[in-house]
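S.K.: output the structure for:
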Amino acid sequence: MTESDIPDRRCLHERIAADLRDEIMSGDLAPGANLPSTVQLKARFDASSATVQKALQLLKDERLVIGRAGAAVTVRERRQRTMRPAAYMAPSAAGEPYRWLTEAARHGGQARSRLLGVSETTPPADVSAALRLPEAGTALVRSQVLLIDDEPVELVKCYYPLDIARGTPMTERRKIKGGTPTLLADLGFPLRLSVDRVSARVPTQEQYSALRLPTSLPVLRTLRVAYSADDRPVEATVMVKAGHLYELQYEFTPE
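M.R.: Numbering: from 1, shown residues only. Sure, this is the predicted structure:
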């Protein structure tokens, strides 16, 4: 059996939704465009009306399309947001909000953050290794969810070495004006380099609930490690967002 002969074991309505989802996310079905009619989709996928409707309901639940039974189903105007991580890494100017909020607002809507908790914890193994912590070492973690128009878009957990965080506003359960990049710079740890590792994963129970995900579609998980002078890691951030609603844009200049 060749790879092309391996059967797709997903239910037919899931396969139909997957193909339409790809066309929406790639732009073949543009924002505001009508999806093919039920009759057309039945013929294209050799499916029943009930199966087609189940596929369309998945896309509605995922907030990719809108429509009512008996009416045309259209692609939502904001089908997918493109975020530029490099645009919100630098410290904010004095009196300015955290740069993520400014960047997110470029897409329209009201952006805000909600602090979920601040505590000392043993980080995940990849975070611990990134911060060069000793075995079973602890770090300060600040957890928050970022929202646009009260829709949760990103679950964020920022980890800091305790020798940097203790005795600073990082340990307080309140927002930090300008964000932690500004505070780290004020503490003598300006960020010199950030390295991102991005992976697609099935959401955990916490991520599924915090992001109000409708299905178990993969999430984008970014582990960002920020370094200060002397190549010292001063912050490791785990950022998780719905993979079907957001994409990341990185720009590179050839050396």
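
S.K.: worst-scoring helix or strand of the chain, pLDDT-wise?
M.R.: Counting by mean pLDDT, DSSP states H and E, the chain has its least confident helix or strand at helix 99-105, which shows a mean of 68.

S.K.: do you know how far the residue lying closest to E251 once chain neighbours are set aside is from L193?
M.R.: Computed as Cβ to Cβ, 6 or more residues apart in numbering, the closest residue to E251 that is not its neighbour in sequence is A86, at 6.8 Å. Every C-beta, even on glycine, is put in place using the N, C-alpha and C of the backbone. Relative to L193, A86 is positioned 12 Å away (Cβ to Cβ, to the nearest Å).

S.K.: next one: K42
M.R.: In terms of Cβ to Cβ, K42 sits 54 Å off from L193.

S.K.: about what we covered before: was I right about the residue nearest to E251 contacting T253?
M.R.: No - counting by Cβ atoms under 8 Å, A86 does not reach T253; the two are 11.5 Å apart.

S.K.: with neighbour numbers in mind, choose between these two.
M.R.: Neighbours per residue, other Cβ atoms under 10 Å: of A86 and T253, the larger number sits with A86, 13 against 4.

S.K.: wait, L12 touches F45, no?
M.R.: Yes - in terms of Cβ under 8 Å, L12 counts as a neighbour of F45; the distance is 7.0 Å.

S.K.: show me the common contact partners of these two, please.
M.R.: Contact criterion Cβ atoms under 8 Å, 6 or more residues apart in numbering; residues shared by L12 and F45: T51.

S.K.: hang on, isn't L64 packed against D22?
M.R.: No - using Cβ under 8 Å, L64 is not in contact with D22; the gap is 10.9 Å.

S.K.: between those two, who's got more neighbours?
M.R.: L64 (23 against 11).

S.K.: kindly provide the distance from the residue nearest to L183 when sequence neighbours are not counted to E154.
M.R.: With sequence-adjacent residues excluded and distances taken as Cβ to Cβ, 6+ apart, L183 is closest to I176, at 5.3 Å. Per Cβ to Cβ, I176 is found 17 Å from E154.

S.K.: neighbour count winner among those two?
M.R.: Between I176 and E154, counted using other Cβ under 10 Å, E154 has the larger neighbour count: 23 against 18.
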